[in-house]
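> need a 3D model of the following:
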Amino acid sequence: MLIAVVTISDRASRGQYEDLSGPAVEAWLRETVVTPFEIVRRTIPDGVEPVRDTLLALCDEEHADLILTTGGTGPAPRDETPEAMREVVTRELPGFGEQLRRASLEQTPTAILSRQLAGTRGKTLLINLPGKPGSIRFSLDAVFAAVPYCLDLIGAGWIDTDPARVRAFRPAPSSSS
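Below is the predicted model of the structure:
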């Protein structure tokens, strides 16, 4: 299982400040996912082209099973992660963005400004997370129960999570008649 964590930030990509969001995503994954997995991390500037090109390479060349982006989903002019995502995914999964916003609204009224998306490209699931390190855990807790099942459905394989951290969705066995 290959999981990519992509931090999208002009300033972090230039080294003007330390990326805290990417490490927050990685820490959450290491606490939660119990199946063996490898993480690759990227820190890239904002903008459609760098985000699109990075996501395409992670999907099509590196064959990541899961890509979690952090940053670039607000209304600022350089926040273009959703536009890049739409150029990459072949199927949008709007429920992820809806749930991320719903859960985030419990923390802050400005969550309504978020434009987070999720979708699939081949056997890769891509999910946009907020850029604030403090929101990472809350956001992943809100949506990750659906991730293992989605990965299985798209042929990316299965990951197991610590049941004390995430109550994973397990479909009922189908009955054969």
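
> hmm, residue 80 is touching residue 72, no?
Yes. Contact criterion C-beta atoms under 8 Å: residue 80 and residue 72 qualify, at 6.2 Å. C-beta: built from backbone N, CA, C; applies to glycine.

> what's the overlap in contacts for those two?
Shared contacts of residue 80 and residue 72, defined by C-beta atoms under 8 Å, 6 or more residues apart in numbering, comprise 46, 51.

> tell me the spacing between residue 127 and residue 11.
Using C-beta to C-beta, to the nearest Å, one gets 23 Å for the distance from residue 127 to residue 11.

> if we can go back for a sec, so which of residue 80 and residue 72 has more stuff around it?
Per other C-beta atoms under 10 Å, whichever of residue 80 and residue 72 has more neighbours is residue 72, with 31 against 20.

> which residues touch that one?
Contact analysis of residue 72 by C-beta under 8 Å, 6+ apart lists 8-9, 46, 51, 78-82, 84, 128, 131.

> flag every buried residue along stretch 60-78.
64-74 (16 or more other C-beta atoms under 10 Å).

> stretch 88-104 now?
In stretch 88-104, counting by 16+ other C-beta under 10 Å, buried: 88-89, 93, 96-97, 99-101, 103-104.

> quick check: phi and psi on the closest residue to residue 9 other than its chain neighbours?
What sits nearest to residue 9 in space, not counting adjacent residues and going by C-beta to C-beta, 6 or more residues apart in numbering, is residue 71, at 5.0 Å. Main-chain dihedrals, residue 71, degrees, to the nearest 10: phi 110, psi 160.

> noted, bye for now.
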